[in-house]
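>>> return a 3D structure for these sequence lines:
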Amino acid sequence: MNKPRTNKPLKSKVPRARAKRRAPEPVTVVVESRQDEVLRKLGARMRDLRLERKMSLARLQQQGGLTPSQMSSVERGRVQVTLGTVSAVANALGMPTFMVLLLPDEDPMSAVLEEIRQAYGGDWRRAAFVIAGALGLDLSQMPG
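Coordinates of the predicted model:
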């Protein structure tokens, strides 16, 4: 009787050179925490507002803001920021604190407010009066 043929590959009697297996390269994954992301965005927002006003870090300090090295760290999102710091920067920039805290890519209302502010050349007061007028409000009695 004949044996049935199988489709097994023939084994060579010549030894094969073994390929060296290298360990896989370690993969570094940087996961940015939500807090780090917000600090980075807030710092970038402060930088954009400062540059929009053509204000140097030294001039910001003269206006009552942080020292240039402190502000540089804030703008790069490398330090935690208190509300007092945000308020001091806002005052130095000549705007209300809430305008500094707007993160247009985070919140649709912030995006609308930022678009309105930019439409009025960055002048939040002028934009506020236009909005108030459209709503029938009188802002002339408000402080600031």
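>>> domain ranges for this protein?
Per automatic domain parsing, the domain ranges recorded for the chain read 32-94, 102-144.
>>> now the longest one: average pLDDT?
The pLDDT scores in domain 32-94 average 90.
>>> for the most centrally placed residue in the chain, give me its contacts.
In the chain, the centroid-proximal residue (C-alpha atoms, centre = their mean) is Lys41; its distance is 2.2 Å. Shown in contact with Lys41 (C-beta atoms under 8 Å, 6 or more residues apart in numbering): 77, 103, 105-106. Where C-beta positions appear, they are placed from N, C-alpha and C, glycine not excepted.
>>> so the closest residue to Gly43 other than its chain neighbours, which of the three states?
Counting by C-beta to C-beta, 6 or more residues apart in numbering, Gly43 lies nearest to Gly77, which is 4.1 Å off, once chain neighbours are set aside. The three-state assignment at Gly77 reads coil, by DSSP: H, G, I helix; E, B strand; the rest coil.
>>> for burial, what's the neighbour tally of Gly77?
21 (other C-beta atoms under 10 Å).
>>> and the gap between it and Met46?
10 Å (C-beta to C-beta, to the nearest Å).
>>> helices and strands around the helix or strand where Phe98 lies, which ones?
According to DSSP states H and E, Phe98 maps onto helix 97-101. With contacts defined as 3 or more C-beta pairs under 8 Å, 6 or more residues apart in numbering; DSSP states H and E, the packing partners of helix 97-101 are helix 34-52, helix 83-93.
>>> and for whichever helix or strand comes after that helix, what's in contact with it?
Going down the chain from helix 97-101, the next helix or strand is helix 108-119, by DSSP H and E. Here helix 108-119 makes contact (C-beta under 8 Å, 6+ apart) with 99, 102-105, 123-124, 127, 130-131.
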